[in-house]
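1. here is my input, please return the structure:
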Amino acid sequence: MNPVIWFEIPVADIDRAKSFYEAVFGQNLTIVDMEQRQMAMFSMEMGVPGIGGALVKEEHFVPSYAGTMVYFTVTDITETLSKVVASKGKEIIPKTSIGEYGFCAYFEDSEGNRIGLHTM
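-> Here you go, the predicted model:
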């Protein structure tokens with residue numbers, strides 16, 4: 001079993017971040033209000049590879065460029081980076097070979113988080 005089962009990406013503006021990630025990854029995020037915490041949850045299907053996660057707005061959650069990175073798997077990194085830029089994010093490192101492990105790239109989201117992309 002892989003040790004990571006869930007991720008949370010801190011955001012300052014849940015609506016702005018939700019719009020950004022929906023535009024970049026082409027999926028609808030579901031808003032869940034939990035008293036002091038707002039979440040925009042990525043779709044998740046049990047029994048298939050990968051983990052679930054959410055954008056989170058809460059007092060102690062602070063977006064970070066220098067903190068832990070989350071990587072999203074995509075079919076086409078170049079196309080995804082185009083969507084990032086069109087949605088007012090920033091390309092940090094373009095599609096880069098990582099040898100037998102495929103390709104990666106980095107971008108900054110609408111909230112200032114550094115996020116990775118991966119494809120084989």
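2. mind checking pLDDT for the residue lying closest to Pro94 once chain neighbours are set aside?
-> Here the nearest residue to Pro94 in space, its sequence neighbours aside, is Ala105; by Cβ to Cβ, 6 or more residues apart in numbering that works out to 5.8 Å. No exception for glycine: its C-beta is placed from N, CA and C like everyone else's. According to the per-residue confidence, Ala105 scores 98 in pLDDT.
3. ok but Ala105 is inside a strand, no?
-> Yes. Ala105 sits within a strand when classified using DSSP: H, G, I helix; E, B strand; the rest coil.
4. what comes up buried for the helix or strand that contains Ser19?
-> If you go by DSSP states H and E, Ser19 is part of helix 14-25. Within helix 14-25, the residues that qualify as buried are Ile14, Arg16, Ala17, Lys18, Ser19, Phe20, Tyr21, Val24, Phe25, counting by 16 or more other Cβ atoms under 10 Å.
5. how far does that helix sit from its chain's centre?
-> A distance of 9 Å separates the centroid of the chain from that of helix 14-25, by Cα atoms, centre = their mean, to the nearest Å.
6. heading C-terminal from the helix or strand where Gln38 lies, find the next helix or strand.
-> In the assignment (DSSP H and E), Gln38 maps to strand 37-41. Next helix or strand after strand 37-41 toward the C-terminus (DSSP H and E): strand 52-57.
7. hmm, Leu29 is touching Glu22, no?
-> Yes. In this structure, Leu29 sits in contact with Glu22. The criterion is Cβ atoms under 8 Å, and the distance is 5.9 Å.
8. part of a helix, is Glu8?
-> No. If the criterion is three-state DSSP, then Glu8 is strand and not within a helix.
9. list the contacts for the nearest residue to it once chain neighbours are set aside?
-> The shortest distance from Glu8 to any residue that is not its chain neighbour, by Cβ to Cβ, 6+ apart, is 4.5 Å, and that residue is Val56. Under the criterion of Cβ atoms under 8 Å, 6 or more residues apart in numbering, the contact list for Val56 reads Glu8, Ile9, Pro10, Val11, Arg37, Gln38, Met39.
10. right, I'll leave it there.
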